[in-house]
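Asker: Return a 3D structure for these sequence lines:
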Amino acid sequence: MFDSDRKNADITLCIFPHLREFIAIDARKDRPGGPAVLNLSISNILSEDFYTKVEQDFSKMIRRHDVGFLELMGIPQQVEAVIRANSLQRIIAELGINIDASSDEKGGSVGVLFFSGSLLSFEKHQLYEATKNLFGSRLTEYSLRQLNDQVFTLMGKERKSIKDTTEQDLAGLISGKSGLYVTLWESRGK
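Answerer: A predicted model of the protein is given here:
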C-alpha cells in the first residue's frame, strides 16, 4: 500500500477542511499521460462502498471477543485510523491506481497538505514559490500554473466558508438558536 510521506511524495493531496472538493497531484513518472493535477469531489470518495467497508471494519473492531476495557477506550483512535485507511484506498482507486492488497508492491508515497490557518493567507506569488519548490522538478510549467490556479481558487472558497461558518455561529449565539455553546475561537497549537 502507499506510505505517508511529505517529501517528494508520488501523490500529494491538497485538502480544504470546509470544502467538498480537493486536489490530487499525481506526480508519478510512470503515470499514463505523465504527472497531472486533478480536482476531485469528496462525494466520489464517500460512496456507498466506502461506508459499507468502514461499517464492516468498525464491526470487526468492536465485536472481538478478546477486547478489554482499555482497548475499548482506544476505539476513537482506531475508528480514525479505519476512516483514514479507507479514505486513502478510495482516493487511490479514484485516481485509477490498482494496488493489490495481497501483493508486496509498495506502490508509492502519499503526502497531505491541509490548507488552513496561515496557508490560507498566502498570496498568489507566495503560493507559486511554494508549489514550485515542492513540485517544480516533477510538473511541467503548465501543470504548475494549473495547480496554482486551482489551489488559489479553493483557498478563496475555504476562506469564505470559514467566514460564513463564523458568522452563522455568531448569529446562532446571539439569537439563542446555537444550543448551549458555540466555538468562536479555537487554538490548535503550532
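
Asker: so where's this structure shaky on pLDDT?
Answerer: Scanning the chain with the threshold set as pLDDT under 70 gives 1-7, 99-107, 170, 172-190.

Asker: Strands of that one, residue ranges please.
Answerer: 3-4, 11-15, 21-26, 36-41, 109-114 (DSSP state E).

Asker: Who are the packing partners of the longest helix along the chain?
Answerer: When the chain is parsed with DSSP state H, its longest helix is helix 141-175. On a contact count with 3 or more CB pairs under 8 Å, 6 or more residues apart in numbering; DSSP states H and E, helix 141-175 meets strand 21-26, strand 36-41, helix 124-135. C-beta here means a position set from N, CA and C on the backbone, and glycine is covered the same way.

Asker: rerun at 10 Å
Answerer: Helix 141-175 is packed against strand 11-15, strand 21-26, strand 36-41, helix 124-135, with contacts defined by 3 or more CB pairs under 10 Å, 6 or more residues apart in numbering; DSSP states H and E.

Asker: Looking at these, which is nearest to residue 78?
Answerer: Among the helices and strands packed on helix 141-175, the nearest to residue 78 by CB to CB is strand 11-15 (21.6 Å).

Asker: Starting from the closest one, tell me which strands it pairs with and how they run.
Answerer: Sheet pairing for strand 11-15, assigned by DSSP bridges, gives strand 21-26 (antiparallel), strand 109-114 (parallel).

Asker: I'd like those as a markdown table, with mean neighbour count and distance to residue 69 appended.
Answerer: Below are the strands paired with strand 11-15 laid out as a markdown table (neighbours: other CB atoms under 10 Å; distance: least, CB to CB, whole Å):
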| stretch | mean neighbour count | distance to residue 69 |
| --- | --- | --- |
| strand 21-26 | 21 | 38 |
| strand 109-114 | 17 | 33 |
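
Asker: Next, format those as JSON lines and append distance to residue 74.
Answerer: Listed next are those as JSON lines, based on distance: least, CB to CB, whole Å:
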{"stretch": "strand 21-26", "distance to residue 74": "28"}
{"stretch": "strand 109-114", "distance to residue 74": "23"}
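
Asker: Out of those strands, which gets nearest to residue 49?
Answerer: Going by CB to CB, the one of the strands paired with strand 11-15 nearest residue 49 is strand 21-26, 18.8 Å.

Asker: how big is the angle separating the closest one from helix 141-175?
Answerer: For strand 21-26 against helix 141-175, the angle between stretch directions is 150 degrees (axes from the mean of the first three to the mean of the last three CA atoms, to 10 degrees).

Asker: For strand 21-26, C-alpha coordinates in CSV please.
Answerer: Output in CSV follows, covering the C-alpha atoms of strand 21-26 (Å, rounded to 0.1, in the frame of the first residue of the first chain):
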residue,chain,number,x,y,z
GLU,A,21,-13.6,19.1,-3.2
PHE,A,22,-9.8,18.6,-3.1
ILE,A,23,-6.8,18.5,-5.4
ALA,A,24,-4.6,15.5,-6.1
ILE,A,25,-1.2,16.0,-7.6
ASP,A,26,-0.2,12.7,-9.2
